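Student: sequence first, predicted coordinates after that:
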Amino acid sequence: MKRIKAIAGKVWRYDAVHAAAYSILLTMVIEALNKRSLIGLVTIFTNPIVFFYNALIVMVFMSAALLVRRKMFVYCMVSTVWLALAVTNFVVLCSRKTPFTAMDIFLIEDAVKVIPIYLNVFQMILIAAGAAAVIGALVVLWIKGPKQEIGDSKKKFYVIGSLQVCILIIALYIVTWILTSVGIMGTYFGNLAQSYKKYGFVYCFSTSVVNRGISKSEEYSQEYIDELKQRIDENGENVINTEDTPNIIFLQLESFFDPKTVKGVKFSENPIPNFDRLKYGFTSGYLSVPCFGAGTANTEFEVQTGINLDDFGPGEYPYKTVLQSAICESTAYDLMGLGYSTHALHNNDATFYNRYKVFSHLGYETFTSIEYMNGYETTPTGWAKDNILTSEIEKILNSTDGSDYIYTISVQGHGDYPSAMPEGYVPQITVSDFFAEEERASFEYYVNQIKEMDTFIGQLTDYLSERSEKTILVMYGDHLPTFSFTDDRLISNDIYKTQYVMWSNFEMEKKKVDLEAFQLSAYVLKRLNISQGYIMKFHQQQYNTKDYLKNLKILEYDILYGEHDIYNGENPYKETDLKMGIDDITVANVYNYKDYFCIEGTNFNDFSTVLVNDKEYSCEVINDTLIRVPKAQVKNYDVVAVAQRGTDKIELSRVTYAVTLNGG
């Protein structure tokens, strides 16, 4: 028995050779998954410095085995975690073009909502069963697995182990400093997908864990900000008469771009005739966006705030991090200061990307999400069609007497796009000569969806043309759709470029201007002679200066993470009391009838739920003024509530009614 234990201890004893071998093999598999090809297995030969650096990071994690007796368990646990992350990245890249980062963990709630769109029930069961099997195997390994015998040298075992771990960590720090200093490993990931391929999954994912937010510049100080502020203030403000300010509507179109800009593709008819007509008749240009294939919230973050997402850590979603607590200067706050009413509008769940929380930190007074809409249609894949937005915009414009700022986010063009036409769906447009035949049907489906979005654009501009109020409508795509586009496949030669149009129902000079997404709002306001807020004024005044991007980053840091020196030390913007929906949901009467009770009121819809004394009851929404609750009765002094809840059951608002029966 002693001989068996001695052999087991020798076999599982940690040494540099074993750790290096395990780390190299694991890194080879990870890179094969990262590159979605067996080519990843030979990265050790094609890019040895990057490969061995990634293996060194893995080895540091493996070194945890130095501190425990169950070494095999540590090896397997570390391997399982890294393989799980690599497989997740592999799966994510099947449905979007942006790799998996640590920031995606913050989006887990949103990911759960859309899983049924990307995975069928069998696939979900298979994944769950696989995860359960792996966890079970690790539990068995912990209980039954071999343990190293250390005898009476327990103290020596831990001292030597700790020393070795420290040496590896120091070595990793030194190697990282050297490789980043000479430029072999990058610290800025402008194109996240290319960075993962170039620098390796392990390094890039690890960077996304430790590199968050906007880093503090060595030049950041009160004196530096004061000087920057002085330069901005010297140009003064140029604000037009607030009684003549037009309505300003931004329309962010989900995954929208001109498919005719894909080289060589043919269409049975023009998919976007309305957008083309507006593009050639009004101010327009290319819009450089921070994401490709996914990341809607990051484009809208740039557009609303004027903040450059490149200054954040790789893959970060500010909606899920800093804006959970920070109040940020934005176009909405700037226009609110001029007397505008500020509104957000989105025909999808309010909780997606935490918009129902974040929009109160961006200056919106109302937010109308799909939970407050009636009569919308859906696509074959379940997304709400955009044509509902015309009536919702009309409702918002009619709700106020003054000028309105409406930030609208569409959803119809959202992926995933089916690999075959859904049963019963007849496409209006056919596509030929698409460069990737395996994606042709999916692309054809997508093209037909944006054809409908283009029809909506025409309907919206027709409606706004008939209104007597001056209105400007800024339309743009948030990112390209999830197809295998590369720069050379596009006329724009850039997968991070969409297009924008600045339409108006009054005379404005037509210009051709290419912009960054974080410059768009400042440019629009400048065209209207509106200069408000330090971020917007900075863009309007400093965009062509030598230190433009450097100073922008320093200003961003001060606003989101610093001492608010630009505002003399105190953030002037306060969280708004965000109202969900435009029309009030009311309860006018509650009464028993036969074996059920009824609720009469206004603006009910399919997202309305009923609670009696905080207990939820199943209900049937008969129409927007009547709800029926079967097999239940109310009694005097019961408190009946009608709450709006999305598919995730998070309550967005509620209205209550105290029951009084028969005058009791």
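Tutor: Structure's in. What do you need? Numbering: from 1, shown residues only.

Student: which residues in the stretch 251-400 of the chain form strands?
Tutor: Taking DSSP state E, counting those that start in this stretch, the strands of the stretch 251-400 of the chain run over residues 266-267, 283-288, 341-346, 366-368.

Student: now tabulate those strands in TSV and tack on mean neighbour count.
Tutor: For the C-beta atoms, the positions are set from N, CA and C on the backbone; glycine is no exception. Formatted as TSV, the strands of the stretch 251-400 of the chain follow (neighbours: other C-beta atoms under 10 Å):
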stretch	mean neighbour count
strand 266-267	14
strand 283-288	21
strand 341-346	26
strand 366-368	24
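
Student: including mean pLDDT and distance to Ile535, could these go into CSV?
Tutor: CSV is the format used below for the strands of the stretch 251-400 of the chain (pLDDT from 0 to 100; distance: least, C-beta to C-beta, whole Å):
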stretch, mean pLDDT, distance to Ile535
strand 266-267, 96, 40
strand 283-288, 97, 18
strand 341-346, 98, 16
strand 366-368, 98, 22
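
Student: got JSON lines for these, with distance to Val29 too?
Tutor: What follows is the strands of the stretch 251-400 of the chain, written out as JSON lines (distance: least, C-beta to C-beta, whole Å):
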{"stretch": "strand 266-267", "distance to Val29": "41"}
{"stretch": "strand 283-288", "distance to Val29": "36"}
{"stretch": "strand 341-346", "distance to Val29": "40"}
{"stretch": "strand 366-368", "distance to Val29": "45"}
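
Student: for Met62, find the nearest of the ones you listed.
Tutor: Among these, the nearest to Met62 by C-beta to C-beta is strand 283-288 (41.0 Å).

Student: circling back: Asp487 is nearest to which of the strands of the stretch 251-400 of the chain?
Tutor: Nearest of these to Asp487, taken as C-beta to C-beta: strand 283-288 at 12.7 Å.

Student: SS state for Ile622?
Tutor: Following DSSP: H, G, I helix; E, B strand; the rest coil, the label given to Ile622 is strand.

Student: how about low-confidence regions in the stretch 251-400 of the chain?
Tutor: For the stretch 251-400 of the chain, no stretch has pLDDT under 70.

Student: quick one: the helices in it, in order.
Tutor: Assignment of helices within the stretch 251-400 of the chain using DSSP state H, counting those that start in this stretch yields the ranges 273-281, 296-305, 331-336, 355-358, 388-398.

Student: turn those helices into TSV, columns for mean neighbour count and distance to Ile491.
Tutor: Converted to TSV, the helices of the stretch 251-400 of the chain look like this (neighbours: other C-beta atoms under 10 Å; distance: least, C-beta to C-beta, whole Å):
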stretch	mean neighbour count	distance to Ile491
helix 273-281	17	14
helix 296-305	25	21
helix 331-336	25	30
helix 355-358	21	33
helix 388-398	19	29
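
Student: now the ones you listed as CSV including distance to Phe456?
Tutor: Below are these laid out as CSV (distance: least, C-beta to C-beta, whole Å):
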stretch, distance to Phe456
helix 273-281, 9
helix 296-305, 17
helix 331-336, 23
helix 355-358, 21
helix 388-398, 7
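
Student: wait, which of those helices is closest to Trp503?
Tutor: Counting by C-beta to C-beta, Trp503 lies closest to helix 273-281 out of the helices of the stretch 251-400 of the chain; the figure is 5.3 Å.

Student: touching the closest one from outside, list them.
Tutor: Helix 273-281 has contacts (C-beta atoms under 8 Å, 6 or more residues apart in numbering) with 258, 270, 284, 454-455, 457-458, 461, 475, 499, 501, 503, 510.

Student: am I right that Val642 sits in a strand?
Tutor: Yes. Counting by three-state DSSP, Val642 falls inside a strand.

Student: returning to what we had before: any idea which of the helices of the stretch 251-400 of the chain gets closest to Ile554?
Tutor: In terms of C-beta to C-beta, the element of the helices of the stretch 251-400 of the chain nearest to Ile554 is helix 296-305, at 15.5 Å.

Student: counting contacts, what elements does the closest one pack onto?
Tutor: Packing partners of helix 296-305 (3 or more C-beta pairs under 8 Å, 6 or more residues apart in numbering; DSSP states H and E): strand 247-253, helix 331-336, strand 404-409, helix 520-527.

Student: turn those into JSON lines, including distance to Asn374.
Tutor: Rendered in JSON lines, the data for those read as follows (distance: least, C-beta to C-beta, whole Å):
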{"stretch": "strand 247-253", "distance to Asn374": "21"}
{"stretch": "helix 331-336", "distance to Asn374": "26"}
{"stretch": "strand 404-409", "distance to Asn374": "18"}
{"stretch": "helix 520-527", "distance to Asn374": "31"}
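
Student: closest one to Trp177 among these?
Tutor: Nearest to Trp177, of all the helices and strands packed on helix 296-305, is helix 520-527, at 37.8 Å by C-beta to C-beta.

Student: how about residues contacting the closest one?
Tutor: 248, 250, 283, 287, 302-304, 306, 331, 334, 472, 474, 476, 500, 502, 508, 513, 515, 531-532, 535-536, 539-540, 543.

Student: how near is the closest residue to Tyr158 other than its chain neighbours to Leu138?
Tutor: The shortest distance from Tyr158 to any non-neighbouring residue, by C-beta to C-beta, 6 or more residues apart in numbering, is to Leu67 (6.7 Å). For Leu67, the distance to Leu138 (C-beta to C-beta, to the nearest Å) stands at 18 Å.

Student: nearest to Ala132, of the helices and strands packed on helix 296-305?
Tutor: The nearest among the helices and strands packed on helix 296-305, by C-beta to C-beta, is strand 404-409 at 37.5 Å.

Student: just the buried members of the contacts of helix 520-527?
Tutor: Among the contacts of helix 520-527, those classed as buried by 16 or more other C-beta atoms under 10 Å are 248, 250, 283, 287, 302-304, 306, 331, 334, 472, 474, 476, 500, 502, 515, 531-532, 535-536, 539-540, 543.

Student: wait, Val165 touches Ala65, no?
Tutor: No. With contacts counted by C-beta atoms under 8 Å, Val165 stays clear of Ala65, the gap being 9.6 Å.

Student: and the two? Which one has more around it.
Tutor: Just comparing Val165 and Ala65: by other C-beta atoms under 10 Å the higher neighbour count belongs to Ala65, 25 against 16.

Student: correct me, but the more buried one touches Ser79?
Tutor: No. Taking contacts as C-beta under 8 Å, Ala65 lies outside contact range of Ser79: 11.2 Å.

Student: quick one on the thing from earlier: so which of the helices and strands packed on helix 296-305 comes closest to Glu620?
Tutor: Smallest distance to Glu620 across the helices and strands packed on helix 296-305 (C-beta to C-beta): 30.6 Å, for strand 404-409.

Student: strand partners (parallel or antiparallel) of the following helix or strand past the closest one?
Tutor: Per DSSP states H and E, the first helix or strand lying C-terminal to strand 404-409 is strand 431-432. Here strand 431-432 has these sheet partners by DSSP bridges: strand 266-267 (antiparallel).
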